[in-house]
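Visitor: Need a 3D model of the following:
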Amino acid sequence: MSGGFKSYVNMNEVEKTEPESQKKDVKKIANEVFGGPMEPKLLPGELVIAEGHNVLKFNSTDDFNHGVSGALFCTNFKISFVTANRSSYDLGELRQRNQLLSEHDIALTCVEAVYQVWNGKKKRLPPGSNIQGRVGILEIHCKDFRILPFSFKFTPKEAERNVVNAILHHAFPTSLDLLFAFEYNPGKNLRIGIADTPEFRAVKDWERELSRVHPSGWRVSFANTNFKMSDTLPEQFIVPSSLSDHDLNNSSPHFVDGRVPLWSWSHQNGSSLVRMVELRSDTTQTQYLESMLRAIESTHPERTKASVIDLARLCPSPKYIQVAYYKLRDLCMPASAEDFWAADQKWYSLLDGTKWLQCVSACLSVSSAVAERIAGSRQTVVLREYDGRDLSCVVASVVQLILDCHTRTLVGFQALVQREWVVCGHRFTDRLHHVHAKDKDNEESPVFLLFLDCVWQLLQQFPSCFEFTETYLTTLWDSARVPLFATFLFNSERDRYVACMDAKRDKNDNTSPTLMPVWDWSLQFSDQDRLLFNNPLYGGKLAEYFPEHPSNGPTVVPPNPTNTLGSFKSRNKWKSKKKKQAGASAQVSFATPSTPSFNGPLFPINIGAGLKLWTQCYMRWIPWAHTVGGGPPSEYFHQCLLVDELHILNMKIHSLEMSKPDEHNTSRESGMFFTFESPRGFDANDSLTSAFPYSPIGSMDRKSIVGTPLFSFLRRMSVSSYNGAAANGDD
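Guide: Predicted coordinates for the structure are as follows:
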């Protein structure tokens with residue numbers, strides 16, 4: 001590499017030179033470009049553990065022929081690659097830019113596996129192991145489906161060994177207290193802007209929720225203060241008013257984990273949604289279960305019998321979900337272009353073989369049936385699950401999204417996740433595999449991702465009913481694997497409390513750690529990038545311009561007497577042919593979508609052509625699957641411009657009516673990422689890709705997917721093509 005430093009290296013042309021001289025060149029060019037040495041941006045409390053210079057970062061889709069040269073750092077928060085190649089940073093304004101993690105950063109908890117690639121052979125490196133020799137190429141597989149290869153060909157051996165061993169040790173922590181959330185020290189100037197999102201750790205949040213829904217016969221219980229009744233329930237929760245805290249304490253020992261039934265939501269007709277665990281296997285006193293059910297039924301205005309739904313029979317198990325996820329991951333993480341195009345020839349059968357969409361279908365089907373029983377049949381529904389911490393979270397949340405328009409707003413959705421998932425004890429530590437303890441079974445299962453996929457399906461079928469976008473959902477899933485945020489770190493509220501107390505004792509100044517909630521999005525994104533969360537089609541927004549539009553009126557829920565709840569095993573034979581889909585549509589409820597107002601109930605399609613693959617989340621890093629100037633991002637661009645223009649016209653009309661023209665009004669007030677007056681100076685047909693906002697803009701040198709099975713599959717992903725596909729039953 002004589003004649004000066006090259007930040008972009010062609011491995012077929014480079015000549016081997018002295019690593020130390022290259023290191024000097026790297027530092028020299030870094031000082032010229034950055035005005036200082038190449039170093040990662042560190043957060044308060046973040047420390048560099050190991051670093052290696054003259055590392056090449058490859059594009060995994062380019063057969064390791066071309067790489068960007070830079071320095072690779074391992075900190076107690078992330079793996080960071082810093083390069084002097086300006087083109088790696090200045091990718092325009094169309095990429096979502098995380099203020100905590102740059103384009104070349106990987107949060108340690110996002111690392112799925114680490115591989116050594118040597119002479120074309122790939123070997124998985126065990127977590128916590130120590131590498132003594134040369135690695136050659138290190139390939140990091142991420143939980144967001146990225147594959148990031150690094151070459152240490154020009155890196156000194158000692159630095160190479162230090163970086164690799166640091167990654168193998170710190171990316172797979174053996175206890176929660178080793179995560180960066182307990183090291184983060186923002187100081188006194190931290191501003192946490194989550195006032196609009198209740199955390200349900202104070203009684204006022206629960207009382208406010210009761211006041212919003214107006215249920216009859218329910219109250220806030222303090223029976224679990226200091227977690228004296230159950231380790232997995234929150235300190236306050238809602239129970240039937242007829243049950244005293246003494247009754248709850250007497251009944252608790254007979255239920256799994258001491259979890260007595262707890263309220264989730266109530267309909268205006270008086271029916272309620274309740275979550276309940278099974279009785280312990282060693283108890284014979286069923287009267288406690290019967291007394292709980294009688295108390296629940298007493299809250300209904302008509303005292304009707306509650307419908308108990310056994311989720312273990314109707315929904316996939318966490319283990320089944322994990323196996324399906326592994327298969328989906330393998331499909332969406334091709335190691336090479338050859339693997340991608342080979343899979344494309346049998347795309348539909350491979351996607352069907354993952355069984356992931358079956359899991360989504362089952363959860364949507366059960367949730368739709370439960371919603372119909374509550375709203376249509378006026379029945380209180382009790383969701384029963386062994387420990388009440390997995391599928392009951394999914395179904396209870398989706399039911400509320402179907403029936404309660406408040407949960408489809410940004411703040412309402414965040415409150416829903418906080419209430420039904422975080423404080424009610426979903427096992428995020430285990431299910432997201434934050435801790436890699438050797439003496440504990442791996443209980444990983446992306447149940448939360450399954451829920452977000454169900455929400456995404458609803459968003460695709462009812463785009464005007466949600467205030468947020470699919471980019472928000474994808475960002476939320478990405479944030480679940482950032483070890484800075486405590487929202488998705490713990491198995492329960494008690495685990496959170498104990499971890500804080502332990503960390504406080506370990507600190508010299510006896511101060512509690514600053515555990516950050518994920519809901520303050522300003523910590524991660526600028527005001528501009530947070531506009532990507534705003535849905536231009538949201539009816540609540542459009543109602544400002546068309547207040548008398550018929551879609552803004554109420555929607556009546558018709559009873560559906562043909563609805564039945566079949567077991568998951570009886571439904572898990574996926575039918576791909578049109579003839580078989582038509583037969584299934586006649587037997588399953590909600591086979592055709594309704595056309596509700598934005599604040600009305602939703603009746604989703606939960607089988608066949610109505611279900612899509614969440615390509616933005618699962619396929620955003622596959623360049624061969626991207627289309628330039630097409631797909632949902634192109635539609636989103638034009639929708640933003642249309643809504644922004646409506647906002648401008650509305651403001652002008654308002655100014656004329658007030659006889660006070662406002663010359664200082666800006667279209668940015670519409671809350672749209674793209675604006676009508678200044679659409680960022682680019683042509684969407686040439687700049688936007690179908691992976692927006694997660695991939696670089698511009699044309700890509702790749703084989704065309706036009707005419708392939710994957711192309712026909714992706715064509716169906718657009719909102720505009722949905723109605724025709726659903727009506728015609730297209731494959």
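
Visitor: all contacts plus neighbour counts: C-alpha atoms, from now on.
Guide: Fine.

Visitor: In a helix, Asn491, correct?
Guide: No. The assignment for Asn491, made by DSSP: H, G, I helix; E, B strand; the rest coil, is coil rather than a helix.

Visitor: Setting the sequence-adjacent residues aside, check what's closest to it.
Guide: Leaving aside its sequence neighbours, Asn491 sits nearest to Arg427 (CA to CA, 6 or more residues apart in numbering; 3.8 Å).

Visitor: now that neighbour: how far from Arg275?
Guide: Relative to Arg275, Arg427 is positioned 16 Å away (CA to CA, to the nearest Å).

Visitor: got it, and Val394?
Guide: From Val394 to Arg275 the distance is 11 Å (CA to CA).

Visitor: Next, count neighbours for Arg329.
Guide: 17 (other CA atoms under 10 Å).

Visitor: what about it, which helix or strand?
Guide: Element membership of Arg329 [criterion: DSSP states H and E] is helix 318-332.

Visitor: residues in contact with that helix?
Guide: Residues from elsewhere that reach helix 318-332 (CA atoms under 8 Å, 6 or more residues apart in numbering): 145, 343, 350-351, 353-356, 359, 390, 443-447, 618-619, 622.

Visitor: again, only this time at 10 Å
Guide: 143-146, 315-316, 339-340, 343-344, 347, 350-360, 390-391, 431, 443-447, 449-450, 615, 617-622 (CA atoms under 10 Å, 6 or more residues apart in numbering).

Visitor: filter those residues to the buried ones?
Guide: Neighbour-count burial (16 or more other CA atoms under 10 Å) is assigned, among the contacts of helix 318-332, to 143-146, 315-316, 340, 343-344, 347, 351-360, 390-391, 431, 444-447, 449-450, 615, 617-622.

Visitor: Excluding covalently adjacent residues, which one is nearest to Val117?
Guide: Ile137 (5.1 Å).

Visitor: shouldn't the one you found be in contact with Arg124?
Guide: No. Counting by CA atoms under 10 Å, Ile137 sits too far from Arg124 to count as a contact (12.0 Å).

Visitor: So which of those two has more stuff around it?
Guide: Neighbours were tallied for Ile137 and for Arg124 using other CA under 10 Å; the higher tally belongs to Ile137 (23 against 13).

Visitor: Tell me what the more buried one is bridged to.
Guide: Counting by DSSP bridges, Ile137 forms beta bridges with Val117, Ser151.

Visitor: can you give me the strands for the stretch 251-400 of the chain?
Guide: Using DSSP state E, counting those that start in this stretch, the strands assigned to the stretch 251-400 of the chain run over residues 262-266, 272-277, 307-310, 381-385.

Visitor: and the shortest one, which strands flank it?
Guide: This means strand 307-310. For strand 307-310, pairing defined by DSSP bridges yields strand 381-385 (parallel).

Visitor: what about the strand it pairs with, average pLDDT?
Guide: On average, the pLDDT along strand 381-385 is 98.

Visitor: Residue ranges in the stretch 401-550 of the chain under the pLDDT threshold?
Guide: Scanning the stretch 401-550 of the chain for pLDDT under 70 picks out the ranges 508-510, 543-550.

Visitor: ok, now with 90
Guide: Counting by pLDDT under 90, the stretch 401-550 of the chain contains low-confidence residues at 437-442, 501-516, 528, 539-550.

Visitor: for it, what spans make up the helices?
Guide: Along the stretch 401-550 of the chain, the segments classed as helices by DSSP state H, counting those that start in this stretch run 410-417, 428-431, 447-461, 470-479, 493-506, 527-530, 539-542.

Visitor: nearest to Ser377, of those helices?
Guide: Closest to Ser377 of these is helix 447-461 (CA to CA; 22.3 Å).

Visitor: what distance separates the closest one from the centre of its chain?
Guide: 9 Å (CA atoms, centre = their mean, to the nearest Å).

Visitor: Could you export it as CSV, CA atoms only?
Guide: The C-alpha trace of helix 447-461 is given here as CSV (Å, rounded to 0.1, in the frame of the first residue of the first chain):
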residue,chain,number,x,y,z
VAL,A,447,-42.0,-13.9,21.9
PHE,A,448,-41.8,-10.1,21.9
LEU,A,449,-40.8,-10.1,18.2
LEU,A,450,-43.7,-12.3,17.4
PHE,A,451,-46.0,-9.7,19.0
LEU,A,452,-44.4,-6.9,17.0
ASP,A,453,-44.9,-8.9,13.9
CYS,A,454,-48.6,-9.3,14.8
VAL,A,455,-48.8,-5.5,15.2
TRP,A,456,-47.1,-5.0,11.9
GLN,A,457,-49.6,-7.3,10.2
LEU,A,458,-52.4,-5.1,11.6
LEU,A,459,-50.6,-2.0,10.5
GLN,A,460,-50.4,-3.4,6.9
GLN,A,461,-54.0,-4.2,6.8
